[in-house]
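1. fold the following.
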Amino acid sequence: MGATKTDFFTEQQNKIATIAKALGHPARIAIIEYLLKVNECICGDIVNELPLAQPTVSQHLKELKNAGLIKGNIEGNSICYCIDEKAFEILNVFFSNIISTVKKQNCC
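-> Next up, the predicted model:
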């Protein structure tokens, strides 16, 4: 099988791109903000907070989980979601490096 375009980039570059893509929808940003506010919640609580149907919220939660931004534990009939700090640490390092480099540049 041939190489995909992502094969030409580092694992770190691909991870950051996956995280950024997952954050590329306002509903997912709203979910992250809600999880930060409550520190932990059950999926039904998220559905009540957003103007979206339950299947749509579930799809957004799946995308966030696949990107490593949230983690979930099964508790009875529900899944309790919370922030996965590892992905945000990756973003923190990435953006900190950008900011420190940009501050040192003398460009246009």
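2. past the helix or strand of the chain with the lowest mean pLDDT, which element shows up next along the chain?
-> One helix or strand of the chain scores below all others by mean pLDDT, DSSP states H and E: strand 41-42, with a mean of 73. Going down the chain from strand 41-42, the next helix or strand is helix 43-49, by DSSP states H and E.
3. grab the CA positions of that following helix and hand them over as CSV.
-> The C-alpha coordinates for helix 43-49 follow below in CSV (Å, rounded to 0.1, in the frame of the first residue of the first chain):
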residue,chain,number,x,y,z
CYS,A,43,-23.2,13.0,28.7
GLY,A,44,-26.9,13.9,29.4
ASP,A,45,-25.7,17.1,31.2
ILE,A,46,-23.8,18.1,28.0
VAL,A,47,-26.9,17.6,25.9
ASN,A,48,-28.8,19.9,28.2
GLU,A,49,-26.2,22.6,27.8
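4. check which element follows it along the chain.
-> Downstream of helix 43-49, the first helix or strand assigned by DSSP H and E is helix 54-66.
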